[in-house]
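Asker: Have a look at this prediction, sequence included:
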Protein chains: 4
Amino acid sequence: MTDIKNDRLMLGDIEFTSRLITGTGKFSSRDFIAPMLEASGSQMITVALRRVDPTAKDENILTYIPDSVTLLPNTSGARTASEAVRIAKIAREAGYGKFIKIEVITDMQYLMPDNHETLLATQILAKEGFIVLPYMMPDITVTKQLYDAGAAAVMPLGSPIGTNRGLEMKPMIKRIIETSKIPVVVDAGIGRPSQAAEAMEMGADAVLVNTAIATSNDPVLAGKAFSFAVKAGRMAYLSRLADKQAYAQASSPLTGFLRE
Amino acid sequence: MTDIKNDRLMLGDIEFTSRLITGTGKFSSRDFIAPMLEASGSQMITVALRRVDPTAKDENILTYIPDSVTLLPNTSGARTASEAVRIAKIAREAGYGKFIKIEVITDMQYLMPDNHETLLATQILAKEGFIVLPYMMPDITVTKQLYDAGAAAVMPLGSPIGTNRGLEMKPMIKRIIETSKIPVVVDAGIGRPSQAAEAMEMGADAVLVNTAIATSNDPVLAGKAFSFAVKAGRMAYLSRLADKQAYAQASSPLTGFLRE
Amino acid sequence: MTDIKNDRLMLGDIEFTSRLITGTGKFSSRDFIAPMLEASGSQMITVALRRVDPTAKDENILTYIPDSVTLLPNTSGARTASEAVRIAKIAREAGYGKFIKIEVITDMQYLMPDNHETLLATQILAKEGFIVLPYMMPDITVTKQLYDAGAAAVMPLGSPIGTNRGLEMKPMIKRIIETSKIPVVVDAGIGRPSQAAEAMEMGADAVLVNTAIATSNDPVLAGKAFSFAVKAGRMAYLSRLADKQAYAQASSPLTGFLRE
Amino acid sequence: MTDIKNDRLMLGDIEFTSRLITGTGKFSSRDFIAPMLEASGSQMITVALRRVDPTAKDENILTYIPDSVTLLPNTSGARTASEAVRIAKIAREAGYGKFIKIEVITDMQYLMPDNHETLLATQILAKEGFIVLPYMMPDITVTKQLYDAGAAAVMPLGSPIGTNRGLEMKPMIKRIIETSKIPVVVDAGIGRPSQAAEAMEMGADAVLVNTAIATSNDPVLAGKAFSFAVKAGRMAYLSRLADKQAYAQASSPLTGFLRE
C-alpha cells in the first residue's frame, strides 16, 4: 500500500505536507486570503514585494496571512538579474525569510520569463543562502543549468500568467519532470482543478495557483477545490493508475448469462 | 456564497450527496470493494447481473457491498433491447431494486453501445417503473429521445470502456450537458482523476469510474483520489472560475517598486 | 514505389480520381462555383434540392455546375426517413442522377443527424437503386448497419456543420475507418486544409468541404488549397510515414567533426 | 483576389518561391535526394557539415544536390557558441555560401537547443555577414533578442527532432509568429503534411521537414506531399478562412421545400 501519510514535499531544507502553493494577487478583498488558506490547507503563499509596506497597516498584505504559512516573496517587476537580486535582498532584510521566487520578465504582452537573466539571478542568490525557486519557460537545458546553479526547485509555466489555459506546454513539462533532479512546481496558467490534478498525475511535485482562486466567484470554495484536485492527482500518481489502452476492455462480463 | 452543503444529485426520486458512481468489475480481490466504497464515499455501485448468484455465498458480489450503497444493476451482455428488458426484470424480481443501467452492445471490438436498441429498452423499462440510466454513444438527438422515453439520466461514454482515454468526445459531451433536461453521468473511459474533474467542471452531474479504480495498484487510495477529483470539479463548477484568457494578466504588480 | 497515378475512389460503380467533394451553399456569388470546381479539381458537388428550380434560370444552381461534375443531391430539410425518401425520389425524377446524400436532422441547434432515421432511409433507397451516401454521427455500430443496409459509403461528421472545428470526433472517426467495409467520407466541420489532410492521413477515402471554401475571402484559391491538402494527405497515407516517436532522433550527426 | 503568384519568402537578401526547406539526413539512399528535391520544389536544403567531405566523391553529399538549390549548412554537433562559430566559418571557407543554421545542443536525450549559446553565436555570425537562421526552443523573449542580434529568421522547434510529433508547442509558436519581426520557420518534429499545413495556416513563413520525408516508404512522394501541404496552408492563410464557430450553421437550407 502507498504511504500517503508520510508523503512530503521538500523545498530546500523545509518540509511541507501540502503541495498547493497559493498567491495573494487579484483578490477582490484581502479578507478572503486567510479563509482561503485555511480551506485549501496551503502552507506557502507568494507575495509581491511591492505589496509589502511595513508602515501602512491597511496596505500591508502580511497582516492577512497567518504566521503558520511560509512566505514566498517574489521578484515581480524585475527586468534583469540584478534587479531581481536587489529585490530578494530587500525582502530578506525586511524579515520575509529565505525563500525567494525569481521572476524576471521583459515581455510585457505575454509576461514570459527571461530564462537567462533568471539563471544569473539564481546563481547569485543560491550562493548567498536563499532557497531559490526560479519561474521559467519550460526548457530542459535551462532546468539542468538551474540545478547546477543551486536552485531548490524549478517553476516552469503551464501557460501565460492569468490565462487559465492550463498545461499548454504539457509535453515539455513532462520531459522536465522526467529529467529534473530537483522538485518541479508547475506555476502560472493553471485555471481549473482538472489542470492541477493532471500536473500532479504527471509527477509534478507541486503547483502554484493564484488567479483562478482569487478571481472565482467564491475564492474559499475554489481554494478547497484546488486542494482536493492536487491531492487527487498526487494519490493517482502514487497509486499508479493503469496506462491508456487502445482497445476497449469490458468491466462487466459480456458473454451474458442469457446465453449460457 | 455557494451552498455546497445542500448540493444534491437526483436520480429518479432518489437523492445522493456523492456524485461518484463506482463499479464492481476487475478488482484483483473483492475484499477491496467495501474499503474502496468507504474511502470514496460512493453511494451507488454498478453490478453486472451475471455476477449475482444468490445461491453461491463466495461468488455473490452483493455480500461485498454495504447495505447503505444503492445498487445499479446493469444489463451487460445484452445485444438487443429485449435481452436488456429481460435482464432488468430478472434483477428486479431478485430484489435488486428499481435502478437499471441499460447496456446494449453488439460491437465486440470497441464495446460501443447500440443507441437505438438502448432507446427501445428505455421506453419499455421506464413505463414499467424502473429508474432507467441508459449507457449511450454521445448524441444529442438520442439524448432528447431518451428524455422523451422516460430516462432518469443519460450516461454518454467518455471513451471506450476500460481504455482510460478520458473525454475523447468532449465537445459532444459539452453539447449534451448544455441541452439535456435530465442529469448527465459521464460513463466509461475515465482513467484519471483529472478527467473526472474536467467532466464535473464542464457541468456533468456525476461520473462513473470502475476500471481505473479497480486496476490501480491501490484501489482504496485510487477511490479516494477520484472522490476528491469529483468534489474538486463540482466545487469549481459551482464557484464559477473565470474563462480562459488570450493574453497574460499579471497576478503580481509588474511596474516594480525599484522604478518608482 | 506507390502507384499514385492509379489511385481511385469508388462510390457505387462510379470511379473518381479526386477525393475532394465540394458543395454549393454559402457562396457570396454563384459565379465562384465553376472556377472553384476547376481550381480544386473536385469531381462531385452536393446540391440541396431546395436550390434546384428548373423553371427559374437565374435561380437554378445547376446552370453554374459544369456537366463533367457529378451531382450529389442531398435531402437537407428532411426530418424523417420518409421525407428523405421523398426528396430523393423527386431528385431522381428530375434527372439529377442516382447519387443521394441522406441528411435527416431534427436538432436545430447543432444540426446533428438522426442516425436511426438515416438508417431507415438508407435501407429503402439502396433497395431502389440509389447510390446512397448517408451523413451520420460517428458511430461504428451504425456504420456496420449502414453497410448492411446497402450504403455506398458513410459520411461521419468531423464537427457540426459550418463550425470549422475540424476532427473533433477524431478517435471515433479513426475507429470507423479501421472497421468500415465501405469508403469513409469525412463530412462537415472541416474548416482548414490541415484538417482535410489529417483526415486523409488517417485513411479516410475522401472529404466533403463546403463552408470553408465558400466563405473564404477567395473561394477559388481556397478550393485549390483544399485540393492540395487532400492530395498531400492521401500521398502521406500511401507513402506510409513513420509513427510518432517518444524520444528525439538526430537527423544530422551530433558527434561533431570538431571532436574527431 | 490574393496575389499568390508574387508571394515570396525573403531570407536575408535572398528570395524564395518555395516555403518548404528540406534536409539531407536519414535517407536510406542518397539517390533519393535529387528526385525528392525536384518533386517537392524545395529550394533550400540543410546539410550537416560533418557530411561534407570534398575529397571523397562517394561520400560528399553535395554531389547529390542540384546547383539550383541553396545550401543551408548547419552547425550540428556544436555544444557551445564558439564551436558553432567555428563550424560556420569552416563552411564558408569551404565555399558553402553565406547561410548558416545554428544548432547548439547539449541535451543528448531530447536534443533540445541551448537558446543562450545560440543567441551568442547569432550575435557573432550576423556581424560577420552570415545570413543566420537559429534553431531554438520556442521563446518570445529570445526571439526578440535574436532579432536584435541580427538573425534573418528564427527556427522554433515544433517538437523534438525526429519524433514526428508536430506542433506540440503550438500556442507558443503562435505567439512567436504574432510578435516576431523576422520570418518564422518551424523546424523539427513535423511528421505529417497536416502538421506542415497547420504551421502555415497559423502564419509561419516556412517549415523545415527532413526525417518524415527521408524515412517514409516513398521519399519522393512524401516530398511532394509536404510540398502540397505547405502550399495548401499558405493559400489558406492568404485566402483568410473563417474562424471556428461555436454553433452549427447550415450550408444547405433546412426549412425544406416539402413544407412550403
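Answerer: Structure received. Numbering: from 1, shown residues only, chains lettered A, B, ... in the order given.
Asker: check contacts around A:Gly203.
Answerer: A:177-178, A:184, A:237 (Cβ atoms under 8 Å, 6 or more residues apart in numbering or on different chains). For the C-beta atoms, the positions are set from N, CA and C on the backbone; glycine is no exception.
Asker: interface residues of the stretch 151-260 of chain A facing chain D?
Answerer: By Cβ under 8 Å from any Cβ of the partner chain, the residues of the stretch 151-260 of chain A that approach chain D are A:159, A:165, A:168-169, A:171-172, A:175, A:179.
Asker: Among those residues, which lie within helices?
Answerer: Restricting these to those inside helices, with DSSP state H as the criterion, leaves A:171-172, A:175, A:179.
Asker: ok, back up a step: using TSV, please lay out the contacts of A:Gly203 together with pLDDT.
Answerer: Shown next, in TSV, are the contacts of A:Gly203 (pLDDT from 0 to 100):
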residue	pLDDT
A:Ile177	96
A:Glu178	93
A:Val184	98
A:Tyr237	93
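Asker: what's the closest of these to D:Thr24?
Answerer: Comparing those against D:Thr24 with Cβ to Cβ picks out A:Glu178 as the nearest, at 30.9 Å.
Asker: who's in contact with A:Gly233?
Answerer: When contacts are counted by Cβ under 8 Å, 6+ apart, A:Gly233 touches A:196-201, B:193-194, B:225, B:229.
Asker: Farthest-apart pair in those, please.
Answerer: Across those (Cβ to Cβ), the longest gap, 14.3 Å, separates A:Ala199 and B:Ala225.
Asker: Looking at these two, which is more packed in?
Answerer: Per other Cβ atoms under 10 Å in any protein chain shown, whichever of A:Ala199 and B:Ala225 has more neighbours is B:Ala225, with 35 against 31.
Asker: now the helices: where do they sit in the stretch 101-250 of chain A?
Answerer: With DSSP state H, counting those that start in this stretch, the ranges of helices along the stretch 101-250 of chain A come out as A:115-127, A:140-149, A:170-179, A:193-201, A:211-214, A:219-238.
Asker: does the residue in the stretch 51-200 of chain A positioned nearest to chain B sit in a helix, a strand or a coil?
Answerer: Proximity of the stretch 51-200 of chain A to chain B (Cβ to the nearest Cβ) peaks at A:Gly77, 2.6 Å away. When classified by DSSP: H, G, I helix; E, B strand; the rest coil, A:Gly77 comes out as coil.
Asker: Was I right to think it contacts A:Ala84?
Answerer: No. In this structure A:Gly77 lies outside contact range of A:Ala84 using Cβ atoms under 8 Å: 9.2 Å.
Asker: so what's in contact with the two at the same time?
Answerer: When contacts are counted by Cβ under 8 Å, 6+ apart, A:Gly77 and A:Ala84 have A:Glu103 as shared neighbours.
Asker: which one of those two has more residues nearby?
Answerer: Each of A:Gly77 and A:Ala84 has its neighbours counted (other Cβ under 10 Å); A:Ala84 has more, 31 against 24.
Asker: Which residues are in contact with the more buried one?
Answerer: Applying Cβ under 8 Å, 6+ apart to A:Ala84 gives the contacts A:75, A:78, A:102-104, A:117-118, A:121, A:125.
Asker: from the residues you listed, which single one is nearest B:Ser68?
Answerer: Taking Cβ to Cβ as the measure, B:Ser68 lies nearest A:Glu103 of those, at 50.8 Å.
Asker: residue ranges with poor pLDDT in the stretch 101-250 of chain A?
Answerer: Of all residues in the stretch 101-250 of chain A, none has pLDDT under 70.
Asker: Now for the residue nearest to A:Thr70 when sequence neighbours are not counted, how many residues are close by?
Answerer: Nearest residue to A:Thr70, sequence neighbours excluded (Cβ to Cβ, 6 or more residues apart in numbering or on different chains): A:Met44, at 4.5 Å. The local packing count at A:Met44 equals 25, with neighbours defined by other Cβ under 10 Å.
Asker: now swap in the one 5 residues further on and tell me
Answerer: In terms of burial, A:Leu49 registers 24 neighbours under the definition other Cβ under 10 Å.
Asker: and stretch A:160-174, C-alpha only, in PDB?
Answerer: As requested, C-alpha coordinates have been extracted for stretch A:160-174 and formatted as PDB (Å, rounded to 0.1, in the frame of the first residue of the first chain):
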ATOM      1  CA  PRO A 160       0.900  32.600 -19.600                       C
ATOM      2  CA  ILE A 161       0.100  34.100 -16.200                       C
ATOM      3  CA  GLY A 162      -3.600  34.600 -15.600                       C
ATOM      4  CA  THR A 163      -4.800  32.900 -18.700                       C
ATOM      5  CA  ASN A 164      -6.300  29.800 -17.100                       C
ATOM      6  CA  ARG A 165      -5.100  27.900 -20.200                       C
ATOM      7  CA  GLY A 166      -3.600  25.100 -18.100                       C
ATOM      8  CA  LEU A 167      -0.800  22.800 -19.400                       C
ATOM      9  CA  GLU A 168      -0.300  24.200 -22.800                       C
ATOM     10  CA  MET A 169       3.300  23.100 -22.700                       C
ATOM     11  CA  LYS A 170       2.400  19.600 -21.400                       C
ATOM     12  CA  PRO A 171       4.900  17.500 -23.400                       C
ATOM     13  CA  MET A 172       7.800  19.800 -22.400                       C
ATOM     14  CA  ILE A 173       6.800  19.800 -18.700                       C
ATOM     15  CA  LYS A 174       6.600  16.000 -18.800                       C
END
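Asker: what residues are up against the residue sitting nearest the centre point of chain A?
Answerer: With the centre of chain A defined as its mean C-alpha position, the nearest residue by Cα atoms, centre = their mean is A:Leu208, 2.5 Å away. Listed by Cβ under 8 Å, 6+ apart, the contact set of A:Leu208 reads A:21-23, A:46, A:155, A:185-188, A:190.
Asker: Bridged to it, which residues?
Answerer: Listed by DSSP bridges, the beta-bridge partners for A:Leu208 are A:Ile21, A:Asp187.
Asker: any idea how far C:Glu201 is from it?
Answerer: According to Cβ to Cβ, to the nearest Å, A:Leu208 and C:Glu201 sit 39 Å apart.
Asker: repeat for A:Asn164
Answerer: When A:Asn164 is compared with C:Glu201 (using Cβ to Cβ), they lie 32 Å apart.
Asker: Same check on A:Gly150?
Answerer: According to Cβ to Cβ, A:Gly150 and C:Glu201 sit 47 Å apart.
Asker: Among those two, which residue is more densely surrounded?
Answerer: Neighbour tally, A:Gly150 and C:Glu201, criterion other Cβ under 10 Å: the higher count belongs to C:Glu201, 22 against 18.
Asker: show me what contacts that one?
Answerer: Counting by Cβ under 8 Å, 6+ apart, C:Glu201 touches C:233, C:236-237, C:241, D:192-194.
Asker: Most neighbours among those, which one?
Answerer: D:Pro193 (36 neighbours).
Asker: quick one, what contacts the closest residue to A:Asp13 other than its chain neighbours?
Answerer: Setting aside the residues directly before and after it, A:Asp13 is nearest to A:Ile131 in space (Cβ to Cβ, 6+ apart), at 7.7 Å. A:Ile131 is in contact with A:11-14, A:98-100, A:152, counting by Cβ under 8 Å, 6+ apart.
Asker: want to try JSON lines for the residues you listed, with neighbour count as columns?
Answerer: Output for the contacts of A:Ile131, formatted as JSON lines (neighbours: other Cβ atoms under 10 Å in any protein chain shown):
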{"residue": "A:Leu11", "neighbour count": "22"}
{"residue": "A:Gly12", "neighbour count": "17"}
{"residue": "A:Asp13", "neighbour count": "8"}
{"residue": "A:Ile14", "neighbour count": "15"}
{"residue": "A:Lys98", "neighbour count": "20"}
{"residue": "A:Phe99", "neighbour count": "23"}
{"residue": "A:Ile100", "neighbour count": "31"}
{"residue": "A:Ala152", "neighbour count": "24"}
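Asker: Quickly name whichever of those residues is closest to chain D.
Answerer: When the contacts of A:Ile131 are compared against chain D (criterion: Cβ to the nearest Cβ), the nearest one is A:Ile100, at 20.8 Å.
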